[in-house]
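# this is a predicted model, with the sequence first.
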Amino acid sequence: MKKANVEVLKAIKPAKVEALDPALMHARNKVVKELSAIDAEIGNRIDYIVKFICAAFGETFSYWDYNGSSSGSNASFDDAVIQNFVYIDWSPCTQREILFNGEKLQLTEYFPYAWLHENFEEDLIKGRALLQQSIADKKVQHAKRALEKAEEEKALIDSVKNKLTPNELKALLKKKNQKGLK
């Protein structure tokens, strides 16, 4: 090795770090075990939540994993929590919607973080029923509007018919039948 390279190596020598205290390593191992136990409890709760959602929507549960794990990354619970939601990959991934806090919530890739520490079951069942009722109400409103529109058109046609003489009405109907006028 050239003399210049040796001097460069001596110049960039890192500062010495003292050996770690075995008590520090023991404390770390203890915390890691505790965290592992907590993560297992969280996993059990997520498992229950996902299975309950599948059952509520009449689906058969297949699997779940933290969002991104299926693509080969080592995703964890901490990676899965984003803005009050827990994001997961799960199957089957069908259209699951409920009303939650007055808004539609799609339960296809995530669920509310609060469900980890709250009894969510009633909210889920109520939210599904509320959404179904909301959809039914919209269909009824749409049908009512269509009926009102048809009644208005009929009233308009009757009004026009009343203003025509019998011969004018007969001629109009004859022309309609001949040319397919509507």
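Great, that's in hand.
# list the contacts of the residue nearest the centre of the chain.
Note on the chain: the residue nearest the mean C-alpha position is Q106, at 2.9 Å, using Cα atoms, centre = their mean. Going by Cβ atoms under 8 Å, 6 or more residues apart in numbering, Q106 touches 95-97. To be clear about C-beta, it is placed using only N, CA and C from the backbone, and glycine gets the same treatment.
# just the buried members of the residues you listed?
96-97 (16 or more other Cβ atoms under 10 Å).
# out of the contacts of Q106, who's nearest V32?
R96 (35.6 Å; Cβ to Cβ).
# what distance do you get for the closest one to K144?
Distance of R96 to K144, computed by Cβ to Cβ, to the nearest Å: 29 Å.
# ok, now P22?
From P22 to K144 the distance is 78 Å (Cβ to Cβ).
# and the longest helix anywhere in the chain, what other elements does it pack with?
In the chain, ranked by residue count with DSSP state H as the criterion, the top helix is helix 121-163. Contact partners of helix 121-163 among helices and strands, from 3 or more Cβ pairs under 8 Å, 6 or more residues apart in numbering; DSSP states H and E: helix 22-56, strand 97-100.
# distance to Y110 and mean pLDDT for these - can I get that in JSON lines?
What follows is the helices and strands packed on helix 121-163, written out as JSON lines (distance: least, Cβ to Cβ, whole Å; pLDDT from 0 to 100):
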{"stretch": "helix 22-56", "distance to Y110": "11", "mean pLDDT": "93"}
{"stretch": "strand 97-100", "distance to Y110": "11", "mean pLDDT": "88"}
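# can you tell me how far E34 is from I42?
The value you get for E34 to I42, if Cβ to Cβ is used, is 13 Å.
# these two - which one has more neighbours?
Neighbours per residue (other Cβ atoms under 10 Å) separate E34 from I42, with I42 holding more: 15 against 10.
# tell me if I'm right that that one and F77 touch.
Yes. The criterion here is Cβ atoms under 8 Å, and I42 meets it with F77 at 5.5 Å.
# follow-up on the earlier one: and the residue nearest to the centre of the chain, how far from I125?
Taken as Cβ to Cβ, the span from Q106 to I125 is 17 Å.
# that older thread, closest to K175 among the contacts of Q106?
Q95 (50.1 Å).
# all set now, cheers.
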